[in-house]
Structure formats: C-alpha cells, structure tokens
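In: heads up, no residue letters with this:
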C-alpha cells in the first residue's frame, strides 16, 4: 500500500528521514507514483504473485521466504529495520518474518482483517517487537507539520468531490479506483480557499499535484472492475 492514503505519507517521511523505503504496490501505475515521490526500491505484489495464505486457516511460509529474498535483492542483502504494516491479517505473518533481528513491526489499521496471525518464533527468538500506532503525540504532530511547512512532505490528494458527490467518493475508495487520498468539499464552495502563501505553493505545485496527474492517467473506465 505504499501509494495509498497511509503508505504515501509513510514513503515521504521515510525519504525525508534518509531511509530507503521498500514500496509494496499492486500495479505499475502505483509503482510510478512511488518513483515520482523519489522511491527506488519497489515490489509489485500482483505481478510477482505473492500468496501468503494457502487457505483460510493456513499461511504459507515459503511465500514469506520468497518475499524476504526479493527484499534482500533490492537492499544488497539487508533485511528491513521497520515494517509499516497496515493491511493486517493478509500480510502480518509475512511482515513479522521479513523484519530483521531486533527490528520493529508498526501496526495501524487492518484493511484485510483485524485478527492477525503470525509465527511467534520469528518474533520472540529474534528479539523483534510489535508497536501499535494511532496518530501521534503533540511533539510528533508538531514535527510532522513542520516538515509540511518546510515543503518536505506534500499532500497525496488525487481528487476532490463536491458534497453532493460524497456517495461517489465512497464508492471510488471502496472499489480502489482512487490513488492516495480523496477529499470532499463540505463548507467550502471551491478549492484553494485555504491557501495563504501563494508563492510557496507555486514552488511546490508539481509535487502537490503529483497524485492528481497520475490518477487521471491511470483511472479505469467507469464500471471496469479493478482488484
């Protein structure tokens, strides 16, 4: 989900902090968005066919190992220090497995299910830890806003809907027809009314519109199913 609503910000924060994000996405279009943000290491999970569950009750450790091997190919043999884990049930076992010894799995949200299952041997015997994250404390929020104000982090808004189109917005998100975040105009009659520093906005306008341009280019025809 590296180009999604949560992942798109996680990718930017990782890059701003000097980290090397390994972006996992589900299509070439989403991979292009990650590259546009500055990420270089990208895994298209759909193209590479990862299936972490054999059936409803059993996971497939062989797929965890294949996933870990692919990550090491992108990092020069290194395992990852941190896994930002928000898909939940579908991927949690693999996330615990691929994290390096002493590493951290950060969990927030569970879009594929809240009941996570993993092999505790790969957590306990390798001194890994799981951290639950839900937003931030005051200091972290201040620092995050500071990066936005400095032009280091940009919005990942791909489309804005009128209040009357709220149902369509919910439908598009449910069907995964969007990129990043979408917005709904509630009290504002039009966009752009909150802009105070027009000169600074002009400096970063390409990055601000990055997700909009990609969303327009990759949006499927209406009614076309998309996994």
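Out: Received it, and whenever you're ready, just let me know what you need. The structure displayed is predicted, hence computed values, not measured ones.

In: now do the strands in the chain.
Out: 22-25, 41-44, 80-85, 99-107, 129-132, 157-161, 181-184 (DSSP state E).

In: can you tell me which of those is most buried?
Out: Greatest average neighbour count among the strands of the chain goes to strand 22-25 (a mean of 24), per mean count of other CB atoms under 10 Å. Any C-beta I mention is one placed from the backbone N, CA and C, and that applies to glycine too.

In: mind putting the strands of the chain into CSV with distance to residue 172 and mean pLDDT?
Out: Below are those laid out as CSV (distance: least, CB to CB, whole Å; pLDDT from 0 to 100):
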stretch, distance to residue 172, mean pLDDT
strand 22-25, 18, 96
strand 41-44, 22, 97
strand 80-85, 24, 96
strand 99-107, 26, 97
strand 129-132, 29, 96
strand 157-161, 8, 94
strand 181-184, 7, 94
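
In: of those, which is nearest residue 13?
Out: Ranking these by proximity to residue 13 (CB to CB) places strand 80-85 first, at 9.4 Å.

In: who does that closest one touch, helix- and strand-wise?
Out: helix 92-98, strand 99-107 (3 or more CB pairs under 8 Å, 6 or more residues apart in numbering; DSSP states H and E).

In: can you redo the strands of the chain as CSV with distance to residue 59?
Out: Below are the strands of the chain laid out as CSV (distance: least, CB to CB, whole Å):
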stretch, distance to residue 59
strand 22-25, 17
strand 41-44, 19
strand 80-85, 15
strand 99-107, 15
strand 129-132, 17
strand 157-161, 33
strand 181-184, 31
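
In: hmm, back to that, would you reformat the helices and strands packed on strand 80-85 as TSV and include distance to residue 151?
Out: Converted to TSV, the helices and strands packed on strand 80-85 look like this (distance: least, CB to CB, whole Å):
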stretch	distance to residue 151
helix 92-98	32
strand 99-107	26
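
In: quick one: closest of these to residue 51.
Out: Closest to residue 51 of the helices and strands packed on strand 80-85 is helix 92-98 (CB to CB; 10.3 Å).

In: before we move on, back to that, for residue 70, find the nearest of the helices and strands packed on strand 80-85.
Out: Comparing these by CB to CB, helix 92-98 comes nearest, at 9.3 Å.

In: tell me what that closest one is packed against?
Out: Under the contact definition 3+ CB pairs under 8 Å, 6+ apart, helix 92-98 sits against helix 61-75, strand 80-85, strand 99-107, helix 121-124.
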